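J.: generate coordinates for the sequence data below:
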Amino acid sequence: MYKYLLLCVSVLLLCSCERESNTYEVGNSWMSAQSKVVMVDTLTLKMSTIMVDSVVTSGKSEMLVGNIKDNTFGRVTSSSLFELTPESYNLATTSNVVFDSIVMYLTNIDSYYGDTLKTFKMDVHPMESRIKLDNGYLYNKSKFNYSASSIGTTEFLPRPNTDSSFVRIRLDQSYGQGLFNLLKSKDANNQEYFLNFYKGLALVPSSDNNAMLRFGISSSYEVQISNTTKEKVSNVVRMYYHTTSQNGTEDVKYTLDLNPSTTYQYNKIDSDFTGSELANLTPSTPIESKNLGNKTYLMSGIGVYTRVEIPYLKTLKNLYDNYKIISANLTLSPVAGYYSKNFYNPTPLYYYLGDKKNTVVSPFYNSDGTTEVTIAFSDESEFQSDHAYTVDMLSYVNNILSETSDSHYNILIYPSSYMDVLAGKAIVGDSKNSTNPAKLKLYILGY
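T.: So this is what the prediction gives:
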């Protein structure tokens with residue numbers, strides 16, 4: 001009988017402890033002597049769409065060319081400008097040599113955006129001014145002049161991510177002949193001298209396009225352009241010439257390649273929001289989500305970010321004398337009605353610590369201290385409303401709660417690496433969006 005009573009008492013005590021440790025209430029009265037895990041999901045979120053002054057578009061070895069037009073972001077146009085570097089500043093021979101032709105080849109369409117079922121048009125223009133770096137970088141708004149006259153044009157149906165895909169653009173004979181004569185003279189024995197005469201090229205899209213194509217600059221990626229000669233090319237300008245026959249000998253054919261620079265190359269990306277949902281957006285005038293139908297916008301290449309602020313975050317310090325933030329996750333969902341093949345909801349997203357001027361202060365890094373933390377897109381559910389980005393806010397929350405003065409730091413979310421130029425875009429709901437609300441959940445251990 002005694003053993004039975006002891007067992008009943010033990011069970012009651014065990015149940016009591018379990019209920020106490022699983023209390024998740026939030027209120028104004030707290031038991032200072034009792035540890036509790038509390039979930040908080042009622043903190044105010046302030047979200048807005050902001051635009052930075054400029055975006056780095058150099059250093060990625062990628063040519064982005066095209067136009068995108070829609071009612072959401074208006075019109076975005078990208079041209080790619082670059083220097084050319086000859087593989088040699090001398091012809092193979094200067095005796096009895098004759099210029100034949102000069103052709104630009106573009107290969108490796110490694111990404112695209114928009115309508116690729118429509119004929120794509122673009123022109124090649126010679127640069128009129130030298131491309132110069134600004135503290136080691138080039139930006140989407142960097143301006144260098146190119147000639148209004150085209151020296152080559154092409155129309156083609158894009159075939160992204162196919163091994164046989166390449167674009168052939170025949171350049172003007174006069175342009176090629178002048179280049180040939182310069183190299184034949186042997187005066188151009190270095191890049192600096194060469195650039196005095198040939199400053200580079202600009203790939204400029206036709207206004208009729210509604211697609212953006214990205215050509216990866218990689219000398220290791222080659223496409224066979226002739227079944228007869230087995231000739232292969234990467235992204236290159238190739239000059240063809242030959243020696244004339246002498247005393248019955250056959251002509252000897254030669255080529256000389258001019259390679260796009262990976263250092264002095266960038267994508268000039270212009271945006272025009274006229275008539276679009278972002279008509280009032282400028283770098284100096286962010287738009288709060290409540291003024292955009294409880295939505296925020298993101299688009300790379302032109303620097304459109306989503307800014308997230310938690311204005312009353314420090315009130316959490318009033319809950320306990322001692323506390324530890326166990327986790328802090330922000331869930332962002334693409335807005336219904338904007339979720340289609342025209343809005344690709346790129347993955348991953350990147351996020352940064354930003355200041356009150358919307359300047360990127362620093363990325364967030366993994367434990368190795370070098371790898372940027374990214375935001376993956378989860379779309380496994382059969383219900384689109386469940387598709388979401390989950391942002392790990394723990395580092396940011398701890399930083400804000402531990403500071404001794406108000407830094408006014410926020411979170412800036414961008415649809416690609418800060419250094420990338422892929423024209424990905426997304427539209428997500430704020431915390432008051434009726435179909436796809438943003439949600440912030442924090443778990444706190446108080447004691």
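
J.: what about the stretch 301-447 of the chain, any weak spots by pLDDT?
T.: By pLDDT under 70, the low-scoring segments of the stretch 301-447 of the chain are 340-344, 417-423.

J.: try 90
T.: By pLDDT under 90, the weakly predicted segments of the stretch 301-447 of the chain are 301, 318-322, 336-348, 360, 364-374, 376-387, 404-406, 415-425, 447.

J.: can you give me the strands in it?
T.: Counting by DSSP state E, counting those that start in this stretch, the stretch 301-447 of the chain has strands at residues 304-309, 323-332, 349-354, 360-363, 374-375, 377-378, 388-392, 410-414, 425-429, 439-446.

J.: those: which one's closest to residue 136?
T.: strand 360-363 (16.2 Å; CB to CB). Every residue, glycine included, has its C-beta placed from N, CA and C.

J.: show me what that closest one is packed up against.
T.: strand 349-354 (3 or more CB pairs under 8 Å, 6 or more residues apart in numbering; DSSP states H and E).

J.: partner strands of the strand it packs on and their direction?
T.: strand 360-363 (antiparallel), strand 374-375 (antiparallel), strand 410-414 (antiparallel) (DSSP bridges).

J.: comparing the strands of the stretch 301-447 of the chain, which comes out most buried?
T.: With neighbours defined by mean count of other CB atoms under 10 Å, none of the strands of the stretch 301-447 of the chain is more surrounded on average than strand 425-429, at a mean of 26.

J.: ok, and the closest non-adjacent residue to residue 445?
T.: For residue 445, ignoring the flanking residues on the chain, the nearest one in space by CB to CB, 6 or more residues apart in numbering is residue 324 at 4.6 Å.

J.: my bad, should have said residue 90
T.: Leaving aside its sequence neighbours, residue 90 sits nearest to residue 186 (CB to CB, 6+ apart; 6.0 Å).

J.: count of residues packed around that neighbour?
T.: 11 (other CB atoms under 10 Å).

J.: tell me the pLDDT of it.
T.: pLDDT recorded at residue 186 is 82.

J.: got it, and the one 3 residues further on?
T.: According to the model's per-residue confidence, residue 189 sits at a pLDDT of 88.

J.: same question for residue 119.
T.: 94.

J.: wait, it sits on residue 158?
T.: No - here residue 119 does not reach residue 158: they are 9.0 Å apart, not a contact under CB atoms under 8 Å.

J.: compare these two (neighbour count), which wins?
T.: More neighbours surround residue 158 than the other of residue 119 and residue 158, with 20 against 13 (other CB under 10 Å).

J.: contacting residues around residue 88?
T.: Neighbouring residues of residue 88 by CB atoms under 8 Å, 6 or more residues apart in numbering: 183, 256.

J.: which residues are in contact with residue 441?
T.: 39, 40, 41, 327, 328, 329, 331.

J.: how about residue 76?
T.: With CB under 8 Å, 6+ apart, residue 76 has these contacts: 67, 68, 212, 269, 270, 271, 272, 299, 301, 302, 423.

J.: list phi and psi for the first one.
T.: When quoted as degrees, to the nearest 10, the phi and psi of residue 67 stand at phi -140, psi 150.

J.: which non-adjacent residue is nearest it?
T.: Nearest to residue 67 is residue 209, by CB to CB, 6+ apart, at 4.5 Å.

J.: number of nearby residues for that neighbour?
T.: Residue 209 has 23 nearby residues by other CB under 10 Å.

J.: one step back: dump the strands of the stretch 301-447 of the chain to JSON lines, plus distance to residue 174.
T.: Converted to JSON lines, these look like this (distance: least, CB to CB, whole Å):
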{"stretch": "strand 304-309", "distance to residue 174": "42"}
{"stretch": "strand 323-332", "distance to residue 174": "54"}
{"stretch": "strand 349-354", "distance to residue 174": "46"}
{"stretch": "strand 360-363", "distance to residue 174": "46"}
{"stretch": "strand 374-375", "distance to residue 174": "49"}
{"stretch": "strand 377-378", "distance to residue 174": "50"}
{"stretch": "strand 388-392", "distance to residue 174": "52"}
{"stretch": "strand 410-414", "distance to residue 174": "44"}
{"stretch": "strand 425-429", "distance to residue 174": "41"}
{"stretch": "strand 439-446", "distance to residue 174": "63"}
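
J.: quick one: which of those is nearest residue 279?
T.: Minimum separation from residue 279 across those (CB to CB) falls at strand 304-309, 13.1 Å.

J.: what does that closest one contact?
T.: Residues outside strand 304-309 that contact it (CB under 8 Å, 6+ apart): 45-52, 73, 278, 281, 286, 296-298, 330, 332, 354, 358, 391, 410-414, 425, 428.

J.: the inter-axis angle of it versus strand 349-354?
T.: Inter-element angle recorded for strand 304-309 and strand 349-354: 60 degrees (by axes from the mean of the first three to the mean of the last three CA atoms, to 10 degrees).

J.: pretty sure residue 192 is in a helix, no?
T.: Yes - Residue 192 forms part of a helix when assessed by DSSP: H, G, I helix; E, B strand; the rest coil.

J.: can you pull out the helices in this structure?
T.: According to DSSP state H, the chain carries its helices in the segments 2-21, 173-185, 191-195, 394-402.

J.: identify each buried residue in the shortest one, please.
T.: With burial defined by 16 or more other CB atoms under 10 Å, the residues of helix 191-195 counted as buried are 194, 195.
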